[in-house]
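[1] next one to model:
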Amino acid sequence: MAITVKALSGIVLSIGVCSSTHVLAQGTQGAGAYPNKPIRIIVPYPPGAGTDFTAREMGKGINEAFGQPVVMDNRPGAGATLGHTLMAKATPDGYTLGLATTGGLVSGPALMGNRIAYDPLKDFTHIGLATYVYYNVFVTAGLPVNNMKELIAYAKTQPGKLNYSSPGVGTPNHIGGAQLVTLAGINLLHVPYKGSSLALADLIAGTIHVSITGFTGVLPHVKSGKIKVLAVGHNERIKMMPELPTVAETVPGYYNTGWWGLVGPLGLPKPIVDKLNATIVKHLNSPEVVQRFFATGLEIATSTPQGYTDLIRSDLNAWRKLIKEAKISIESLP
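    So this is what the prediction gives:
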């Protein structure tokens with residue numbers, strides 16, 4: 001089978017997924033007894049968010065395949081770069097892995113360059129893509145707007161009085177808000193948190209006015225009327241909510257979609273990489289797991305290790321271009 005993934009650059013990557021039995025047979029050659037002890041997965045955000053859900057699902061697949069415990073190690077901070085730094089510095093033996101994010105490997109490095117202590121292409125072993133993440137514009141229920149046109153018009157009457165949340169500087173959520181500010185010509189104050197789940201309570205309470213985030217954990221509050229979703233940042237309407245307009249329908253040029261995947265430190269042996277890749281591909285593509293992800297607003301998108309590296313490289317180039325064209329810089333950000 002093949003999973004089609006559209007990178008930020010607009011390139012459509014049809015990432016081949018071989019028969020899991022065949023890939024597993026290839027990947028186990030030379031992997032020896034791995035794993036023969038517990039595995040740690042570093043998650044660069046707090047518990048309760050979509051990243052945690054995704055990491056736990058991959059951990060479940062690894063546990064079921066090999067019978068070894070998989071422990072989540074949540075390390076939030078610095079726009080996900082803290083957790084990614086720990087991933088990069090780990091021993092490359094397959095017992096410390098990481099849930100990689102667009103913020104940690106693409107948008108953060110594209111924005112902050114050498115201010116980050118690692119290179120997203122040179123300091124990691126890319127094991128495989130897990131899921132596509134759609135970032136959306138949500139507003140607190142009390143804000144008197146129901147679509148992007150009304151939000152922009154209202155913001156222009158309230159210069160400097162509205163804010164938006166993100167899980168840290170350099171995340172797609174943050175840059176998505178900065179894009180909106182620049183392209184729509186409005187003034188929103190950026191309020192960074194250590195994770196999207198931490199900002200959700202403030203969005204519901206009305207302390208936060210706008211949030212650029214994914215569907216995970218948020219959809220129940222949309223259905224209950226506690227918050228409103230105005231638009232999706234993808235470059236086309238999405239199948240899980242086809243009635244939802246894109247931001248670009250009102251703000252031409254806007255794009256904000258990401259992904260999460262599994263990585264290890266540089267130097268992880270190829271047999272272990274192939275074994276892990278085959279395991280998560282098989283687990284994530286099972287019908288029940290696909291449905292679980294879909295129900296939370298996530299779309300499974302698996303890949304080969306090389307396919308994941310190619311996606312990261314392509315998106316790095318595209319995000320750098322996006323940031324330059326939107327005239328976003330560290331110095332210009334609130």
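[2] and the longest helix for this protein?
    helix 305-325 (DSSP state H).
[3] buried ones in the helix or strand containing Ala201, by neighbour count?
    If you go by DSSP states H and E, Ala201 is part of helix 196-205. Along helix 196-205, these residues count as buried under the neighbour rule (16 or more other C-beta atoms under 10 Å): 196-200, 202-204. C-beta: built from backbone N, CA, C; applies to glycine.
[4] ok, which stretches of the stretch 201-334 of the chain are helices?
    Along the stretch 201-334 of the chain, the segments classed as helices by DSSP state H, counting those that start in this stretch run 219-223, 270-284, 287-295, 305-325.
[5] among the ones you listed, which is the most enclosed?
    helix 270-284 (a mean of 23; mean count of other C-beta atoms under 10 Å).
[6] that one vs helix 305-325, what angle?
    80 degrees (axes from the mean of the first three to the mean of the last three C-alpha atoms, to 10 degrees).
[7] helix 270-284 packs against which elements?
    Secondary-structure packing of helix 270-284 (3 or more C-beta pairs under 8 Å, 6 or more residues apart in numbering; DSSP states H and E): helix 20-27, helix 50-66, strand 124-134, strand 257-265, helix 287-295, helix 305-325.
[8] weakest of the ones you listed by average pLDDT?
    Comparing mean pLDDT across the helices and strands packed on helix 270-284, the weakest is helix 20-27, with a mean of 32.
[9] helix or strand right after it?
    strand 39-43.
[10] quick one: contacts of the helix holding Ala201?
    Identification of contacts with helix 196-205 by C-beta atoms under 8 Å, 6 or more residues apart in numbering yields 45-50, 138, 140-141, 165-167, 173, 191, 193, 208, 211, 213-214, 217-218, 221, 226-227.
[11] narrow the residues you listed to those that are buried.
    45-46, 48-50, 138, 140, 165-167, 173, 191, 193, 208, 211, 213-214, 217-218, 221, 226-227.
[12] Ala155 is nearest to which of the helices and strands packed on helix 270-284?
    Among the helices and strands packed on helix 270-284, the nearest to Ala155 by C-beta to C-beta is helix 305-325 (21.3 Å).
[13] who does that closest one touch, helix- and strand-wise?
    strand 12-16, helix 108-112, strand 124-134, helix 172-184, helix 270-284.
[14] correct me, but Val290 touches Leu298?
    No: counting by C-beta atoms under 8 Å, Val290 sits too far from Leu298 to count as a contact (9.7 Å).
[15] quick revisit: specify the angle between the helix holding Ala201 and helix 50-66 in degrees.
    Going by the same axes, to 10 degrees, helix 196-205 makes 140 degrees with helix 50-66.
[16] pLDDT of helix 196-205, averaged?
    Helix 196-205 comes out with an average pLDDT of 89.
[17] return the alpha-carbon coordinates of that helix using CSV.
    Only the C-alpha atoms of helix 196-205 are listed here, as CSV (Å, rounded to 0.1, in the frame of the first residue of the first chain):
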residue,chain,number,x,y,z
SER,A,196,-1.2,23.0,23.7
SER,A,197,-3.1,21.2,26.4
LEU,A,198,-2.0,23.8,28.9
ALA,A,199,-3.5,26.6,26.8
LEU,A,200,-6.8,24.9,26.2
ALA,A,201,-8.2,25.7,29.7
ASP,A,202,-7.4,29.4,29.2
LEU,A,203,-9.0,29.3,25.7
ILE,A,204,-12.2,27.9,27.2
ALA,A,205,-12.1,30.4,30.1
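[18] fine, thanks again, bye for now.
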